[in-house]
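Novice: Return atomic coordinates for the entry below.
(chains A, B, C and D)
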Protein chains: 2
Amino acid sequence: MRQPLEVIRNAGLKLTPRRREIALLFAETLKPLSPLEVQELLRKRFGRCGLPGVYRNLEALAECGLLLRLAGFGRERKYMFCPGQEKHHHHHIICVSCGKVGHVEGCLYHEGMMLGGYRVLSHIVQFEGLCENCLPKKP
Amino acid sequence: MRQPLEVIRNAGLKLTPRRREIALLFAETLKPLSPLEVQELLRKRFGRCGLPGVYRNLEALAECGLLLRLAGFGRERKYMFCPGQEKHHHHHIICVSCGKVGHVEGCLYHEGMMLGGYRVLSHIVQFEGLCENCLPKKP
DNA sequence: CTGCGTGCAAAGTATTTGCAAACCG
DNA sequence: CGGTTTGCAAATACTTTGCACGCAG
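Specialist: Numbering: from 1, shown residues only, chains lettered A, B, ... in the order given. Here you go, the predicted model:
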């Protein structure tokens, strides 16, 4: 797994305390977090922290590939840590019970293929399910 | 293809002018529309029309299966007409050039299957591409 | 030093709610 | 007639911007 702080440096971003805290928070948590949740967690751990800064950092970290923007229908933005290799195409599955994010390998869709008369340029694939730990609880 | 107005009646919703206009607008347009776009189109065609009513109707029509909420990353909500059978599992592909929505049959994922150690409960799959008409323009 | 990064306050956008009047069935 | 549905105004939720100060490189 790539080292979060290295990724930030390689992207030409400064490694400020705020940035470092956010990156490590996601690396430890491994769950989808909204900007507001990130702010609350940072406040508990490190004192004050402005929401605009959180938004800017989440975008910056998503831009450099460390975080992933989550697809969804609502107006709520969510990000999560993506520990995979940059060039490795894969998708994610989120546990509806505990929020843990898993990786799904072997995607069957790829750029350029034809589907229903269209040439595919990009796709969103995202799963919800139950992880190994939560399965026994909800059989 | 199901008759939009029938679907509304069967869902126990009243068939008001506003509702009828929205349903027919989507049935004719066959493109993803945001609440604001819907309001503007209705205003042009039928005079005034309140945004809250549009929001409520879009949700109601999505609830009864006539419209589909579009997945995405932004904060902008989009809906589109879904002329398929209710029980027929399929996904959609949106032309990035003209916005036309096509159907993709034969999804390879289904409820209950195991993926990466998770039991799948639901999934979002959505494509962007170029439709037959727009393909020649962008070779 | 220099310019990116930060917090704060304030501005934007998108969506939702309360309510009285209008309307379908 | 009675419960939905509607438009309007206002409230809410979420996100972005402007700006002066602070800190990494």
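Novice: Flag the shaky bits of chain A, pLDDT-wise.
Specialist: Across chain A, the ranges flagged by pLDDT under 70 are A:1, A:84-87, A:137-139.
Novice: residues in it within reach of DNA strand C, list them.
Specialist: A:13-14, A:16-19, A:48-50, A:52-54, A:56-57, A:60, A:75 (C-beta under 7 Å from any atom of the strand). From N, CA and C alone the C-beta is placed, and that goes for glycine too.
Novice: repeat that with 6 Å
Specialist: Contact residues, chain A versus DNA strand C (C-beta under 6 Å from any atom of the strand): A:13-14, A:16, A:18-19, A:48-50, A:52-53, A:56-57, A:75.
Novice: could you say what helices and strands the lengthiest strand in chain A packs with?
Specialist: The longest strand of chain A (DSSP state E) is strand A:118-130. Packing partners of strand A:118-130 (3 or more C-beta pairs under 8 Å, 6 or more residues apart in numbering or on different chains; DSSP states H and E): strand A:91-95, strand B:91-95, strand B:118-130.
Novice: For the second one, name the packing helices and strands.
Specialist: Put plainly, it is strand B:91-95. strand A:118-130, strand B:101-104, strand B:118-130.
Novice: Show me how far it is from its chain's centre.
Specialist: Chain-centre distance of strand B:91-95: 10 Å, with C-alpha atoms, centre = their mean, to the nearest Å.
Novice: Could you identify the buried members of the residues of chain A next to DNA strand C?
Specialist: Applying 16 or more other C-beta atoms under 10 Å in any protein chain shown to the residues of chain A next to DNA strand C, the neighbour count classes A:13, A:18-19, A:49, A:53, A:57 as buried.
Novice: Where helices are concerned, which of those residues count?
Specialist: If you go by DSSP state H, these have A:18-19, A:53, A:57 in helices.
Novice: Output these as CSV; include the columns distance to DNA strand D.
Specialist: Listed next are these as CSV, based on distance: C-beta to the nearest atom of the strand, whole Å:
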residue, distance to DNA strand D
A:Arg18, 9
A:Arg19, 9
A:Gly53, 8
A:Asn57, 11
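Novice: Tell me the one among those residues nearest to A:Leu115.
Specialist: Closest approach to A:Leu115 among these (C-beta to C-beta): A:Asn57, at 36.5 Å.
Novice: returning to that earlier point: kindly reformat the residues of chain A next to DNA strand C as CSV containing distance to B:Met113.
Specialist: Formatted as CSV, those follow (distance: C-beta to C-beta, whole Å):
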residue, distance to B:Met113
A:Leu13, 39
A:Lys14, 44
A:Thr16, 43
A:Arg18, 41
A:Arg19, 39
A:Arg48, 46
A:Cys49, 41
A:Gly50, 43
A:Pro52, 42
A:Gly53, 41
A:Arg56, 39
A:Asn57, 36
A:Arg75, 30
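Novice: And those residues, which two are furthest apart?
Specialist: Farthest apart among the residues of chain A next to DNA strand C by C-beta to C-beta are A:Lys14 and A:Arg75. That separation is 30.6 Å.
Novice: Please work out which residues outside stretch A:47-67 touch it.
Specialist: A:2, A:4, A:7-8, A:10-11, A:13, A:18-19, A:22-23, A:26, A:35-36, A:38-39, A:42-43, A:68-69, A:77, A:79-82, A:86 (C-beta atoms under 8 Å, 6 or more residues apart in numbering or on different chains).
Novice: Ok, stretch A:112-127 next?
Specialist: So stretch A:112-127 is contacted by A:70-71, A:91-94, A:104, A:107, A:109-111, B:71-72, B:93, B:95-96, B:102-105, B:109, B:115, B:118, B:120-132, B:135 (C-beta under 8 Å, 6+ apart).
Novice: Fine by me, thanks again.
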